[in-house]
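Trainee: below is the sequence, then the predicted model.
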Amino acid sequence: MAATGDAERSERGRVLGLDLGDARIGVAISDPDRRLALPHGTLRTGAPQDVRAIAAIVRQNGVSRIVLGHPRSLSGAAGPAAHHAERFAATLRDALGIPVTLEDERFTTVEAHRRLAEAGARERRRRQVVDRSAAALILQSYLDRFRSTG
């Protein structure tokens, strides 16, 4: 496991964060130094257009790794949504040829809603930006973990 962490810390290029939902995929991207996750937007789900859109973002931004939210239950068990994320991660790995890491995303959507409310965003605006905000929280969690162990 340490060798994997070392390899991830030595990688170059931005990291793309994804929050996979039923209708939309929230997208966030790291800065070049992999310190900060920035909301990037949303994509509509649906193969193969969603994979093509992600591939375009990867190419345009020099992305070398994708971090995909892994929606496990509170107990840590993997339900249907977690299995869907695992299959989507495998599809991305095969299609793009770059590493895809699954990141625990428990509470990220709730946290995104809370932060947006604290920032004064109206309910309608929160619904519009919550997916990309959740993607940024997932990605920032990943970035912080590897920065603190590096």
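Mentor: Yes, it's here. Numbers count the residues shown, from 1 in each chain.

Trainee: so what's the backbone phi/psi at residue 93?
Mentor: Its backbone dihedrals place residue 93 at phi -60, psi -50, with angles given as degrees, to the nearest 10.

Trainee: right, I mislabeled it, should have said residue 13
Mentor: Backbone phi and psi, for residue 13 under degrees, to the nearest 10, turn out to be phi 100, psi 160.

Trainee: thought it was touching residue 58?
Mentor: No: taking CB atoms under 8 Å as the contact criterion, residue 13 and residue 58 are not neighbours in contact, 9.3 Å apart. (Glycine included, C-beta is placed from N, CA and C.)

Trainee: of these two, give the one with the bigger neighbour count.
Mentor: In terms of neighbours (other CB atoms under 10 Å), residue 58 is the more surrounded of residue 13 and residue 58; the figures are 22 against 15.

Trainee: ok, and the closest non-adjacent residue to the more buried one?
Mentor: Nearest non-adjacent residue to residue 58, counting by CB to CB, 6 or more residues apart in numbering: residue 96, 5.9 Å away.

Trainee: with residue 29 instead?
Mentor: Once its chain neighbours are removed from consideration, residue 29 has its nearest residue in residue 40; the separation is 4.7 Å (CB to CB, 6+ apart).
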